[in-house]
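K.L.:
got a sequence here, can you model it:
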Amino acid sequence: MRLTRLQLLLGFTLCLAVAAVHASPEKVFTLDPQTVAKSFQVFDPDVRVRWDEDYFYVESNSMPDHRMMVGIRAWNQQVPLPQPYSGGNAFQLTLRPRYAETPISGKETLFRGAIAVAANGIPIFNPIKQDGRTDTNLAGELDEFGGHAGRADDYHYHLGPVHLAERLGPDLPLAWALDGFPIYGYREPDGSPVADLDWLNGHPGADGGYHYHATEDYPYLNGGFRGEVELRDGEVAVQPRARGVRPYTRPLRGAAITAFERPDDTTYQLECKLGGEYYSVEYSVERNGGAGFVFTDPGSPPRTERYSARDRRGGGKKGGSKRAEGRRDEQRTRGGRKGPDPNDPNRRPWLVVHAPELDANGDGDLAYAELMADIETTFQSYDQDDSGRVTQEEYSVRGVRTAFGGYAQQHSDEIDSDGDGALSKQEMVSVAERMFRRADRNSDQTVDRAELRER
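P.N.:
Have a look, this model is predicted:
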(Lines give C-alpha, C1' and ligand atoms only; values in the text may rest on other atoms or scores of the structure.)
Protein backbone atom coordinates (compact mmCIF):
# COMPACT_ATOMS: atom_id res chain seq x y z
CA MET A 1 0.00 0.00 0.00
CA ARG A 2 2.86 2.41 0.80
CA LEU A 3 4.40 1.79 -2.60
CA THR A 4 1.09 2.48 -4.33
CA ARG A 5 0.66 5.78 -2.51
CA LEU A 6 4.20 6.77 -3.38
CA GLN A 7 3.58 5.96 -7.00
CA LEU A 8 0.40 8.05 -6.97
CA LEU A 9 2.23 10.94 -5.36
CA LEU A 10 5.00 10.81 -7.93
CA GLY A 11 2.47 10.68 -10.75
CA PHE A 12 0.57 13.66 -9.38
CA THR A 13 3.80 15.65 -9.02
CA LEU A 14 4.73 14.86 -12.62
CA CYS A 15 1.33 16.08 -13.83
CA LEU A 16 1.83 19.36 -12.00
CA ALA A 17 5.26 19.75 -13.52
CA VAL A 18 4.14 19.38 -17.11
CA ALA A 19 1.30 21.82 -16.51
CA ALA A 20 3.69 24.57 -15.42
CA VAL A 21 7.25 25.79 -15.79
CA HIS A 22 9.67 23.46 -14.01
CA ALA A 23 13.42 23.40 -13.53
CA SER A 24 16.13 20.80 -13.72
CA PRO A 25 19.21 20.97 -11.45
CA GLU A 26 21.06 22.64 -14.35
CA LYS A 27 18.53 25.49 -14.29
CA VAL A 28 17.16 24.50 -17.67
CA PHE A 29 13.38 24.79 -17.74
CA THR A 30 10.73 23.13 -19.83
CA LEU A 31 7.50 24.80 -20.89
CA ASP A 32 4.40 22.82 -21.68
CA PRO A 33 3.04 24.54 -24.83
CA GLN A 34 -0.53 23.67 -23.87
CA THR A 35 -0.05 25.61 -20.62
CA VAL A 36 1.64 28.54 -22.36
CA ALA A 37 -1.26 28.73 -24.78
CA LYS A 38 -3.91 29.16 -22.08
CA SER A 39 -3.50 32.89 -21.49
CA PHE A 40 -3.24 33.72 -25.22
CA GLN A 41 -6.30 31.62 -26.05
CA VAL A 42 -8.44 33.91 -23.89
CA PHE A 43 -8.00 36.48 -26.68
CA ASP A 44 -8.68 34.17 -29.60
CA PRO A 45 -9.27 34.88 -32.52
CA ASP A 46 -7.37 38.20 -32.21
CA VAL A 47 -4.38 36.18 -31.05
CA ARG A 48 -3.32 32.91 -32.65
CA VAL A 49 -0.72 30.47 -31.35
CA ARG A 50 1.19 27.47 -32.66
CA TRP A 51 4.30 25.57 -31.63
CA ASP A 52 6.86 22.99 -32.63
CA GLU A 53 9.33 20.97 -30.56
CA ASP A 54 11.50 23.96 -29.68
CA TYR A 55 9.48 27.16 -29.99
CA PHE A 56 6.10 28.68 -29.25
CA TYR A 57 4.77 31.28 -31.72
CA VAL A 58 2.32 34.13 -31.11
CA GLU A 59 0.55 35.92 -33.97
CA SER A 60 -1.49 39.14 -33.83
CA ASN A 61 -2.01 42.46 -35.63
CA SER A 62 -0.98 44.44 -32.52
CA MET A 63 -4.36 46.20 -32.25
CA PRO A 64 -5.95 45.59 -28.81
CA ASP A 65 -9.68 45.64 -28.20
CA HIS A 66 -9.40 48.45 -25.64
CA ARG A 67 -9.27 52.21 -26.26
CA MET A 68 -5.82 53.43 -27.24
CA MET A 69 -3.77 56.65 -26.90
CA VAL A 70 -6.08 58.56 -24.53
CA GLY A 71 -4.15 60.02 -21.61
CA ILE A 72 -0.91 60.68 -23.49
CA ARG A 73 0.45 64.12 -22.51
CA ALA A 74 3.50 64.08 -24.77
CA TRP A 75 2.43 62.87 -28.22
CA ASN A 76 4.90 61.84 -30.94
CA GLN A 77 2.18 62.27 -33.64
CA GLN A 78 2.17 58.54 -34.45
CA VAL A 79 -1.09 56.57 -34.52
CA PRO A 80 -1.84 52.84 -34.13
CA LEU A 81 -1.90 50.85 -37.36
CA PRO A 82 -2.21 47.06 -37.75
CA GLN A 83 1.09 45.20 -37.94
CA PRO A 84 1.82 41.88 -39.70
CA TYR A 85 3.00 39.88 -36.69
CA SER A 86 2.26 36.49 -38.26
CA GLY A 87 3.89 33.68 -40.19
CA GLY A 88 7.64 34.14 -40.20
CA ASN A 89 7.15 37.52 -38.51
CA ALA A 90 5.48 36.12 -35.38
CA PHE A 91 6.69 36.35 -31.79
CA GLN A 92 8.90 33.41 -30.90
CA LEU A 93 9.39 32.02 -27.37
CA THR A 94 11.76 29.22 -26.51
CA LEU A 95 10.12 26.19 -24.90
CA ARG A 96 13.36 25.45 -23.03
CA PRO A 97 14.39 28.66 -21.27
CA ARG A 98 17.48 28.58 -19.12
CA TYR A 99 19.14 30.92 -16.67
CA ALA A 100 21.72 33.18 -18.25
CA GLU A 101 25.20 33.18 -16.73
CA THR A 102 25.00 36.98 -16.79
CA PRO A 103 21.45 38.39 -16.61
CA ILE A 104 20.74 41.38 -18.84
CA SER A 105 19.71 44.71 -17.30
CA GLY A 106 17.06 46.84 -18.96
CA LYS A 107 18.78 49.90 -17.50
CA GLU A 108 21.86 49.27 -19.61
CA THR A 109 20.47 47.99 -22.92
CA LEU A 110 17.25 46.71 -24.60
CA PHE A 111 16.20 50.27 -25.44
CA ARG A 112 14.84 49.18 -28.84
CA GLY A 113 12.44 46.45 -29.78
CA ALA A 114 10.18 44.26 -27.69
CA ILE A 115 11.18 42.55 -24.45
CA ALA A 116 7.87 40.67 -23.96
CA VAL A 117 4.54 39.93 -25.57
CA ALA A 118 1.24 40.43 -23.71
CA ALA A 119 -1.46 37.77 -23.60
CA ASN A 120 -3.53 39.88 -26.03
CA GLY A 121 -0.70 39.81 -28.59
CA ILE A 122 0.62 43.34 -27.98
CA PRO A 123 4.41 43.79 -27.85
CA ILE A 124 5.89 45.19 -24.65
CA PHE A 125 8.96 47.44 -24.83
CA ASN A 126 11.43 48.54 -22.18
CA PRO A 127 9.90 51.33 -20.05
CA ILE A 128 13.08 53.30 -20.79
CA LYS A 129 12.88 54.77 -24.28
CA GLN A 130 15.46 54.74 -27.04
CA ASP A 131 17.54 57.57 -25.56
CA GLY A 132 18.53 55.19 -22.76
CA ARG A 133 17.40 57.41 -19.90
CA THR A 134 13.78 58.59 -20.22
CA ASP A 135 11.09 56.69 -18.30
CA THR A 136 8.18 56.76 -20.76
CA ASN A 137 5.65 56.49 -17.95
CA LEU A 138 7.00 59.44 -15.96
CA ALA A 139 7.41 61.45 -19.16
CA GLY A 140 3.66 61.27 -19.90
CA GLU A 141 4.16 59.40 -23.17
CA LEU A 142 1.82 56.50 -22.36
CA ASP A 143 -1.93 56.10 -22.48
CA GLU A 144 -4.25 54.85 -19.75
CA PHE A 145 -3.22 51.26 -20.49
CA GLY A 146 0.53 51.90 -20.55
CA GLY A 147 0.90 51.94 -24.34
CA HIS A 148 1.42 54.21 -27.33
CA ALA A 149 2.22 54.07 -31.04
CA GLY A 150 5.88 53.93 -32.02
CA ARG A 151 7.77 55.29 -35.01
CA ALA A 152 6.29 52.67 -37.33
CA ASP A 153 2.76 53.49 -36.10
CA ASP A 154 3.03 50.25 -34.12
CA TYR A 155 1.05 50.14 -30.90
CA HIS A 156 2.89 48.58 -27.96
CA TYR A 157 3.00 48.68 -24.16
CA HIS A 158 5.84 49.94 -21.96
CA LEU A 159 4.24 48.81 -18.69
CA GLY A 160 2.93 45.52 -17.39
CA PRO A 161 -0.58 45.00 -18.88
CA VAL A 162 -2.28 44.61 -15.49
CA HIS A 163 -5.67 45.49 -17.00
CA LEU A 164 -5.68 42.05 -18.63
CA ALA A 165 -6.04 40.45 -15.19
CA GLU A 166 -9.78 41.19 -15.33
CA ARG A 167 -10.10 38.58 -18.06
CA LEU A 168 -7.22 36.30 -17.16
CA GLY A 169 -7.48 36.11 -13.38
CA PRO A 170 -4.39 35.83 -11.16
CA ASP A 171 -3.48 32.28 -12.17
CA LEU A 172 -2.67 32.99 -15.84
CA PRO A 173 0.32 35.09 -16.97
CA LEU A 174 -0.39 38.59 -18.24
CA ALA A 175 2.51 38.26 -20.67
CA TRP A 176 5.60 36.28 -21.54
CA ALA A 177 9.10 37.74 -21.58
CA LEU A 178 11.11 36.94 -24.69
CA ASP A 179 13.51 34.81 -22.63
CA GLY A 180 10.62 32.35 -22.16
CA PHE A 181 9.61 33.17 -18.58
CA PRO A 182 6.04 34.25 -17.71
CA ILE A 183 5.01 37.63 -16.28
CA TYR A 184 2.25 37.73 -13.66
CA GLY A 185 0.37 40.66 -12.15
CA TYR A 186 0.46 42.23 -8.71
CA ARG A 187 -0.21 38.90 -6.97
CA GLU A 188 1.12 35.36 -7.15
CA PRO A 189 -0.74 32.80 -9.32
CA ASP A 190 -2.43 31.44 -6.16
CA GLY A 191 -3.63 34.92 -5.21
CA SER A 192 -1.13 35.45 -2.39
CA PRO A 193 0.90 38.67 -2.02
CA VAL A 194 4.15 39.05 -3.94
CA ALA A 195 7.38 39.11 -1.93
CA ASP A 196 11.14 38.84 -2.37
CA LEU A 197 11.46 39.97 -5.99
CA ASP A 198 14.98 40.18 -7.34
CA TRP A 199 16.42 43.18 -9.20
CA LEU A 200 14.76 41.95 -12.40
CA ASN A 201 11.28 41.92 -10.80
CA GLY A 202 11.25 38.13 -10.73
CA HIS A 203 11.73 35.12 -8.46
CA PRO A 204 11.24 31.34 -8.40
CA GLY A 205 7.63 30.33 -7.86
CA ALA A 206 6.05 27.62 -5.77
CA ASP A 207 6.38 25.21 -8.70
CA GLY A 208 10.14 25.76 -8.87
CA GLY A 209 9.97 27.74 -12.09
CA TYR A 210 11.06 31.35 -12.47
CA HIS A 211 8.62 34.15 -13.31
CA TYR A 212 8.42 37.94 -13.33
CA HIS A 213 5.79 40.27 -11.83
CA ALA A 214 4.26 43.58 -12.81
CA THR A 215 4.79 46.36 -10.27
CA GLU A 216 3.42 49.88 -9.91
CA ASP A 217 6.92 51.36 -9.81
CA TYR A 218 9.96 50.93 -12.06
CA PRO A 219 10.85 48.53 -13.63
CA TYR A 220 7.07 47.92 -13.95
CA LEU A 221 7.61 44.41 -15.41
CA ASN A 222 10.70 42.34 -16.24
CA GLY A 223 13.64 44.67 -15.66
CA GLY A 224 15.71 42.80 -18.20
CA PHE A 225 16.26 39.08 -18.72
CA ARG A 226 17.08 36.39 -16.18
CA GLY A 227 17.02 33.87 -19.02
CA GLU A 228 19.28 33.53 -22.04
CA VAL A 229 18.47 35.63 -25.09
CA GLU A 230 20.42 36.51 -28.20
CA LEU A 231 21.00 40.24 -28.58
CA ARG A 232 21.81 42.07 -31.79
CA ASP A 233 22.55 45.79 -31.81
CA GLY A 234 21.13 46.17 -28.31
CA GLU A 235 17.80 44.40 -28.85
CA VAL A 236 16.46 40.87 -28.84
CA ALA A 237 17.57 39.36 -32.14
CA VAL A 238 14.57 37.10 -32.77
CA GLN A 239 11.33 39.10 -32.73
CA PRO A 240 8.80 40.49 -35.20
CA ARG A 241 9.52 43.61 -37.22
CA ALA A 242 6.99 46.41 -37.42
CA ARG A 243 6.16 47.71 -40.89
CA GLY A 244 5.72 51.47 -41.04
CA VAL A 245 3.52 52.92 -43.78
CA ARG A 246 4.55 56.57 -43.50
CA PRO A 247 7.63 58.51 -42.35
CA TYR A 248 7.93 58.76 -38.59
CA THR A 249 6.98 62.11 -37.13
CA ARG A 250 8.35 64.47 -34.50
CA PRO A 251 6.87 64.95 -31.01
CA LEU A 252 4.24 67.68 -30.78
CA ARG A 253 5.23 69.48 -27.62
CA GLY A 254 2.36 70.10 -25.22
CA ALA A 255 -0.16 67.99 -27.16
CA ALA A 256 -2.43 65.80 -25.04
CA ILE A 257 -4.66 63.13 -26.58
CA THR A 258 -8.22 63.50 -25.36
CA ALA A 259 -10.22 61.04 -27.48
CA PHE A 260 -9.79 57.95 -29.64
CA GLU A 261 -12.67 56.27 -31.45
CA ARG A 262 -13.03 53.28 -33.75
CA PRO A 263 -16.19 53.79 -35.85
CA ASP A 264 -15.64 50.50 -37.65
CA ASP A 265 -13.01 47.81 -38.19
CA THR A 266 -10.91 49.94 -40.54
CA THR A 267 -11.49 53.55 -39.46
CA TYR A 268 -10.03 55.42 -36.48
CA GLN A 269 -10.41 58.93 -35.10
CA LEU A 270 -7.98 60.66 -32.74
CA GLU A 271 -8.36 64.04 -31.06
CA CYS A 272 -5.69 66.02 -29.27
CA LYS A 273 -5.60 69.32 -27.39
CA LEU A 274 -2.78 71.81 -27.93
CA GLY A 275 -2.71 75.38 -26.66
CA GLY A 276 -6.36 75.26 -25.70
CA GLU A 277 -7.46 74.18 -29.20
CA TYR A 278 -8.47 70.80 -30.53
CA TYR A 279 -6.93 69.01 -33.50
CA SER A 280 -8.08 65.73 -35.04
CA VAL A 281 -6.78 62.94 -37.22
CA GLU A 282 -9.08 60.51 -39.00
CA TYR A 283 -7.45 57.62 -40.77
CA SER A 284 -8.49 54.41 -42.43
CA VAL A 285 -6.67 51.19 -43.22
CA GLU A 286 -7.00 49.88 -46.77
CA ARG A 287 -7.25 46.23 -47.73
CA ASN A 288 -3.97 46.36 -49.62
CA GLY A 289 -2.13 47.54 -46.50
CA GLY A 290 -2.08 51.24 -47.32
CA ALA A 291 -3.63 54.00 -45.23
CA GLY A 292 -5.35 57.34 -45.80
CA PHE A 293 -5.25 60.27 -43.36
CA VAL A 294 -7.33 63.43 -42.91
CA PHE A 295 -5.82 66.07 -40.59
CA THR A 296 -8.06 68.84 -39.27
CA ASP A 297 -6.51 71.88 -37.57
CA PRO A 298 -8.42 74.83 -36.09
CA GLY A 299 -9.10 77.52 -38.66
CA SER A 300 -7.63 75.54 -41.56
CA PRO A 301 -9.18 73.34 -44.24
CA PRO A 302 -8.60 69.60 -43.77
CA ARG A 303 -5.54 68.19 -45.47
CA THR A 304 -5.19 64.63 -46.66
CA GLU A 305 -2.31 62.19 -46.99
CA ARG A 306 -2.30 58.73 -48.46
CA TYR A 307 0.33 56.02 -48.25
CA SER A 308 0.33 52.88 -50.33
CA ALA A 309 1.38 49.46 -49.09
CA ARG A 310 4.61 49.81 -51.02
CA ASP A 311 5.50 52.87 -48.96
CA ARG A 312 6.03 50.48 -46.07
CA ARG A 313 9.27 49.29 -47.55
CA GLY A 314 10.56 52.42 -49.26
CA GLY A 315 7.95 53.26 -51.89
CA GLY A 316 8.38 55.32 -55.00
CA LYS A 317 9.65 54.31 -58.38
CA LYS A 318 12.84 52.46 -58.99
CA GLY A 319 15.64 54.59 -60.28
CA GLY A 320 18.44 56.85 -59.18
CA SER A 321 21.19 54.99 -61.01
CA LYS A 322 22.16 58.13 -62.95
CA ARG A 323 22.46 60.08 -59.72
CA ALA A 324 24.60 57.31 -58.25
CA GLU A 325 26.79 57.26 -61.36
CA GLY A 326 27.12 61.03 -61.15
CA ARG A 327 28.38 60.76 -57.58
CA ARG A 328 30.95 58.18 -58.65
CA ASP A 329 32.04 60.47 -61.50
CA GLU A 330 32.47 63.30 -59.00
CA GLN A 331 34.57 61.07 -56.76
CA ARG A 332 36.75 60.09 -59.71
CA THR A 333 37.38 63.73 -60.60
CA ARG A 334 38.46 64.30 -56.99
CA GLY A 335 41.07 61.53 -57.19
CA GLY A 336 38.85 58.76 -55.86
CA ARG A 337 38.18 60.42 -52.51
CA LYS A 338 34.91 59.50 -50.83
CA GLY A 339 32.54 61.82 -49.02
CA PRO A 340 32.37 65.63 -49.22
CA ASP A 341 35.26 67.65 -50.50
CA PRO A 342 37.59 68.24 -47.50
CA ASN A 343 38.73 71.52 -49.09
CA ASP A 344 35.25 73.02 -48.93
CA PRO A 345 35.56 75.98 -46.50
CA ASN A 346 31.87 75.72 -45.57
CA ARG A 347 32.03 72.04 -44.73
CA ARG A 348 30.69 71.04 -41.31
CA PRO A 349 30.64 67.50 -39.85
CA TRP A 350 27.55 65.57 -40.90
CA LEU A 351 26.71 64.72 -37.30
CA VAL A 352 26.63 68.40 -36.31
CA VAL A 353 24.49 69.43 -39.28
CA HIS A 354 21.92 66.70 -38.64
CA ALA A 355 22.01 66.62 -34.82
CA PRO A 356 18.67 68.50 -34.49
CA GLU A 357 17.02 65.97 -36.80
CA LEU A 358 18.53 63.02 -34.94
CA ASP A 359 17.63 64.42 -31.50
CA ALA A 360 14.36 62.52 -31.18
CA ASN A 361 13.41 63.81 -27.73
CA GLY A 362 14.33 67.42 -28.55
CA ASP A 363 16.51 67.97 -25.46
CA GLY A 364 19.36 69.54 -27.44
CA ASP A 365 21.74 66.62 -26.87
CA LEU A 366 22.35 63.70 -29.21
CA ALA A 367 22.38 60.31 -27.50
CA TYR A 368 24.06 57.29 -29.05
CA ALA A 369 20.74 55.44 -28.83
CA GLU A 370 19.03 58.18 -30.87
CA LEU A 371 21.62 57.85 -33.64
CA MET A 372 21.26 54.06 -33.67
CA ALA A 373 17.46 54.34 -33.77
CA ASP A 374 17.70 56.51 -36.89
CA ILE A 375 19.96 53.94 -38.54
CA GLU A 376 17.55 51.14 -37.66
CA THR A 377 14.68 53.03 -39.26
CA THR A 378 16.83 53.80 -42.31
CA PHE A 379 17.87 50.19 -42.80
CA GLN A 380 14.35 48.80 -42.42
CA SER A 381 13.07 51.40 -44.87
CA TYR A 382 15.59 50.60 -47.60
CA ASP A 383 15.86 46.82 -47.13
CA GLN A 384 12.76 46.21 -49.22
CA ASP A 385 13.19 42.45 -49.59
CA ASP A 386 14.24 41.82 -45.95
CA SER A 387 17.49 40.28 -47.19
CA GLY A 388 19.68 41.95 -44.56
CA ARG A 389 21.51 43.86 -47.32
CA VAL A 390 20.56 47.09 -49.04
CA THR A 391 21.40 46.97 -52.74
CA GLN A 392 22.29 49.95 -54.92
CA GLU A 393 18.83 49.83 -56.47
CA GLU A 394 17.25 49.98 -53.01
CA TYR A 395 19.34 52.80 -51.53
CA SER A 396 18.97 54.86 -54.71
CA VAL A 397 15.25 55.17 -53.87
CA ARG A 398 14.19 57.63 -51.19
CA GLY A 399 12.32 55.60 -48.58
CA VAL A 400 11.10 56.71 -45.17
CA ARG A 401 12.75 60.06 -44.63
CA THR A 402 15.56 59.79 -42.08
CA ALA A 403 18.73 61.75 -41.46
CA PHE A 404 21.03 58.79 -42.15
CA GLY A 405 19.01 57.83 -45.21
CA GLY A 406 20.29 60.90 -47.04
CA TYR A 407 23.84 60.13 -45.92
CA ALA A 408 23.52 56.55 -47.16
CA GLN A 409 22.53 57.77 -50.61
CA GLN A 410 25.34 60.31 -50.88
CA HIS A 411 28.09 58.23 -49.27
CA SER A 412 27.23 54.68 -50.27
CA ASP A 413 30.75 53.92 -51.49
CA GLU A 414 32.22 55.06 -48.18
CA ILE A 415 29.77 52.95 -46.17
CA ASP A 416 30.29 49.87 -48.37
CA SER A 417 33.52 48.83 -46.63
CA ASP A 418 33.75 45.37 -48.26
CA GLY A 419 33.03 46.74 -51.74
CA ASP A 420 30.31 44.21 -52.54
CA GLY A 421 27.94 46.85 -53.91
CA ALA A 422 25.43 46.49 -51.04
CA LEU A 423 25.12 48.00 -47.56
CA SER A 424 24.69 45.96 -44.40
CA LYS A 425 23.35 47.43 -41.18
CA GLN A 426 26.69 46.80 -39.51
CA GLU A 427 28.44 48.84 -42.20
CA MET A 428 26.03 51.71 -41.52
CA VAL A 429 26.56 51.36 -37.78
CA SER A 430 30.36 51.33 -38.13
CA VAL A 431 30.44 54.61 -40.07
CA ALA A 432 28.00 56.27 -37.68
CA GLU A 433 29.97 55.09 -34.64
CA ARG A 434 33.17 56.62 -36.00
CA MET A 435 31.44 59.98 -36.42
CA PHE A 436 29.88 59.73 -32.97
CA ARG A 437 33.18 58.86 -31.26
CA ARG A 438 34.88 61.88 -32.80
CA ALA A 439 32.18 64.18 -31.43
CA ASP A 440 31.70 62.47 -28.05
CA ARG A 441 34.87 63.86 -26.48
CA ASN A 442 34.15 62.64 -22.94
CA SER A 443 32.90 59.21 -24.10
CA ASP A 444 29.66 59.43 -22.12
CA GLN A 445 27.48 58.13 -24.99
CA THR A 446 25.98 61.59 -25.48
CA VAL A 447 27.10 64.46 -27.73
CA ASP A 448 25.89 67.44 -25.73
CA ARG A 449 25.38 71.02 -26.83
CA ALA A 450 28.92 72.07 -25.92
CA GLU A 451 30.45 69.21 -27.91
CA LEU A 452 28.27 70.06 -30.90
CA ARG A 453 29.45 73.68 -30.80
CA GLU A 454 33.08 72.54 -30.62
CA ARG A 455 32.60 70.69 -33.87
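
K.L.:
ok, and the closest non-adjacent residue to residue 376?
P.N.:
Take residue 376 and drop its neighbours on the chain: the residue closest to it by Cβ to Cβ, 6 or more residues apart in numbering is residue 112, 6.4 Å away. Where you see a C-beta, it was placed from the backbone N, CA and C, and this is true even at glycine.

K.L.:
wait, doesn't the one you found sit right on residue 232?
P.N.:
No: contact criterion Cβ atoms under 8 Å: residue 112 and residue 232 do not qualify, at 10.2 Å.

K.L.:
out of those two, which sits in the busier spot?
P.N.:
For residue 112 versus residue 232, neighbours defined as other Cβ atoms under 10 Å are more numerous around residue 112 (20 against 12).

K.L.:
for that one, give me phi and psi.
P.N.:
Dihedral angles of residue 112 (phi, psi; degrees, to the nearest 10) stand at phi -130, psi 150.

K.L.:
contacts only, for it.
P.N.:
130, 233, 234, 235, 369, 372, 373, 376 (Cβ atoms under 8 Å, 6 or more residues apart in numbering).

K.L.:
how about the secondary structure of the first one?
P.N.:
Read that as residue 130. State at residue 130, reduced to three classes by DSSP: H, G, I helix; E, B strand; the rest coil: coil.

K.L.:
would you mind measuring from it to residue 359?
P.N.:
12 Å (Cβ to Cβ, to the nearest Å).

K.L.:
pull the number of nearby residues for residue 202.
P.N.:
25.

K.L.:
need the contact list for the nearest residue in space to it that is not next to it in sequence.
P.N.:
Distances taken as Cβ to Cβ, 6+ apart put residue 212 closest to residue 202, at 4.1 Å, once the chain neighbours are dropped. Contact partners of residue 212, counting by Cβ under 8 Å, 6+ apart, are 177, 181, 182, 183, 184, 200, 201, 202, 221, 222, 226.

K.L.:
quick check, nearest of these to residue 270?
P.N.:
residue 221 (26.3 Å; Cβ to Cβ).

K.L.:
and for that closest one, the neighbour number?
P.N.:
32.

K.L.:
tell me what residue 304 is bridged to.
P.N.:
Note on residue 304: beta-bridge partners by DSSP bridges are residue 294.

K.L.:
returning to that earlier point: for residue 49, state which of the contacts of residue 212 is nearest.
P.N.:
Nearest to residue 49 among those, counting by Cβ to Cβ, is residue 182 at 14.2 Å.

K.L.:
helices of this protein, start to end?
P.N.:
Under the criterion DSSP state H, the chain contains helices at 2-18, 33-41, 165-168, 321-333, 350-358, 368-382, 392-395, 403-410, 412-415, 425-439, 449-454.

K.L.:
from residue 38, how far out is residue 156?
P.N.:
From residue 156 to residue 38 the distance is 23 Å (Cβ to Cβ).

K.L.:
with residue 248 instead?
P.N.:
Residue 248 sits at a distance of 36 Å from residue 38 (criterion: Cβ to Cβ).

K.L.:
who's more crowded, those two?
P.N.:
Neighbours were counted for residue 248 and for residue 38 using other Cβ under 10 Å; residue 248 has more, 20 against 16.

K.L.:
for the closest residue to the more buried one other than its chain neighbours, phi and psi?
P.N.:
Distance criterion Cβ to Cβ, 6+ apart; nearest residue to residue 248, sequence neighbours excluded, is residue 151 at 3.8 Å. Backbone torsions for residue 151, taken as degrees, to the nearest 10, come to phi -60, psi -30.

K.L.:
OK, contacts around residue 151?
P.N.:
Counting by Cβ under 8 Å, 6+ apart, residue 151 has contacts 76, 78, 244, 248, 373, 377.

K.L.:
coming back round to it: quick one, which of residue 130 and residue 359 is more surrounded?
P.N.:
Neighbours were counted for residue 130 and for residue 359 using other Cβ under 10 Å; residue 130 has more, 25 against 21.

K.L.:
how near is the residue nearest to residue 248 to residue 50?
P.N.:
Residue 151 is 29 Å from residue 50, by Cβ to Cβ.

K.L.:
what's the overlap in contacts for residue 130 and residue 359?
P.N.:
residue 370.

K.L.:
hey, which helix or strand in this protein has the poorest pLDDT?
P.N.:
helix 321-333 (a mean of 37; mean pLDDT, DSSP states H and E).

K.L.:
with adjacent residues omitted, what lies nearest to the residue nearest the centre of the chain?
P.N.:
By Cα atoms, centre = their mean, the chain has its centre lying nearest to residue 113, at 2.9 Å. Nearest non-adjacent residue to residue 113, counting by Cβ to Cβ, 6+ apart: residue 235, 3.5 Å away.

K.L.:
that neighbour pairs with what?
P.N.:
residue 232.

K.L.:
wait, isn't it in contact with residue 123?
P.N.:
No: applying Cβ under 8 Å, one finds residue 235 not in contact with residue 123, separated by 11.6 Å.

K.L.:
more neighbours: which of these two?
P.N.:
Between residue 235 and residue 123, counted using other Cβ under 10 Å, residue 123 has the larger neighbour count: 28 against 20.

K.L.:
break the chain down into its structural domains.
P.N.:
19-236, 256-313, 321-454 (automatic domain parsing).

K.L.:
let me see the contact set for residue 261.
P.N.:
268, 269.

K.L.:
how about a cut-off of 10 Å?
P.N.:
Listed by Cβ atoms under 10 Å, 6 or more residues apart in numbering, the contact set of residue 261 reads 67, 70, 267, 268, 269, 270, 271, 282.

K.L.:
which neighbours do residue 235 and residue 123 share?
P.N.:
Common neighbours of residue 235 and residue 123 (Cβ under 10 Å, 6+ apart) are 113, 114, 115, 178.

K.L.:
circling back: buried deepest among the helices of the chain, which one?
P.N.:
helix 368-382 (a mean of 24; mean count of other Cβ atoms under 10 Å).

K.L.:
picking up where we left off before, residue 376 is in contact with the residue nearest to the centre of the chain, correct?
P.N.:
Yes: at 8.8 Å, residue 113 and residue 376 qualify as touching, with contact defined as Cβ atoms under 10 Å.

K.L.:
mind listing the shared neighbours of the two?
P.N.:
Contacts common to residue 113 and residue 376, judged by Cβ under 10 Å, 6+ apart, are 130, 233, 234, 235, 241.

K.L.:
kindly indicate which of the residues you listed lies nearest residue 276.
P.N.:
Residue 276 lies nearest to residue 130 out of the shared contacts of residue 113 and residue 376, by Cβ to Cβ, at 30.8 Å.

K.L.:
how far away is that closest one from residue 231?
P.N.:
Note on residue 130: its distance to residue 231, by Cβ to Cβ, is 15 Å.

K.L.:
again, but for residue 93
P.N.:
Noted for residue 93: a distance of 16 Å to residue 231, by Cβ to Cβ.
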